[in-house]
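Asker: mind folding the following:
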Amino acid sequence: MERGRRHPWAQQLLVLAGAATVLFSVLVQLAMYPVFHVQRTAIRHHMKHRILAGLPASALTTFRFTPQELAKVHFVDGGRELRHEGVLHDIARVYHDGHGQVVVEALRDDRETRLMADLGRMVERRVAQDADGRTGRLALMAGWAAFCEPWPAEWSVGQPSQDRPFMKLATSAGRQVGAIDPGPPRRA
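Answerer: Modelled structure (predicted):
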């Protein structure tokens, strides 16, 4: 075998290693949702059992709403939870008092609030990384701008699109438009 050439199996191994790396990075990103979903389901299951087992009144937070205020409350998970001042509460009981108010007794759910806050921070971090990456890509493209020709004035944004040529070819002096290139010289 010639020096500098790789065995065919070695080249295939490099391709497989590259494909495995790309697949692993995609799976890591996609695995975030199932892990989050399993954690949230476990937290909800635990809270449901605590509520069904019975809670003392001291463990519950009592909210009193008029019907107009109740319409503005941010309910989560089909009305089984409510978010108040950024904290999630699992609803234990809802009833009307005799004075036209709706009373909601709920259990503060700090674990789920923390989980949702962690998810929010991860999403914000990802968005910031994407913005930084976009800035980096734009800076890289701007570095190549010196090697690119400027856009003709006809392509300006202010001009209507039907008047703008799609591709205007630059003509060079010294060559006929219909000339045929004879190709490289041939031996006789």
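
Asker: hey, let's count contacts and neighbours off CA atoms from now on
Answerer: Noted.

Asker: what about residue 122, neighbour count?
Answerer: For residue 122, the count of nearby residues is 12 (other C-alpha atoms under 10 Å).

Asker: that one sits in which helix or strand?
Answerer: Taking DSSP states H and E as the criterion, residue 122 maps to helix 110-143.

Asker: just residue 100 next, same as before
Answerer: Judged by DSSP H and E, residue 100 forms part of no helix or strand.

Asker: now the helix holding residue 122: buried residues?
Answerer: 111, 112, 113, 116 (16 or more other C-alpha atoms under 10 Å).

Asker: quick check: mean pLDDT across that helix?
Answerer: Averaging pLDDT along helix 110-143 gives 79.

Asker: so what's the gap between that helix and the chain middle?
Answerer: Relative to its chain's centre, helix 110-143 lies at 8 Å (C-alpha atoms, centre = their mean, to the nearest Å).

Asker: same deal with stretch 84-99?
Answerer: For stretch 84-99 - counting by C-alpha atoms, centre = their mean - the centre lies 33 Å from the chain centre.

Asker: distance to residue 15 added to the buried residues of helix 110-143, as TSV?
Answerer: Output for the buried residues of helix 110-143, formatted as TSV (distance: C-alpha to C-alpha, whole Å):
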residue	distance to residue 15
111	44
112	43
113	44
116	39
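
Asker: direction included, what does the longest strand anywhere in the chain pair up with?
Answerer: Longest strand in the chain, counting residues (DSSP state E): strand 87-96. With DSSP bridges as the test, strand 87-96 is paired with strand 81-84 (antiparallel), strand 102-108 (antiparallel).

Asker: what number of residues lie near residue 70?
Answerer: 16.

Asker: for it, which non-adjacent residue is closest in space?
Answerer: Excluding the flanking residues, the one nearest residue 70 by C-alpha to C-alpha, 6 or more residues apart in numbering is residue 102, at 7.7 Å.
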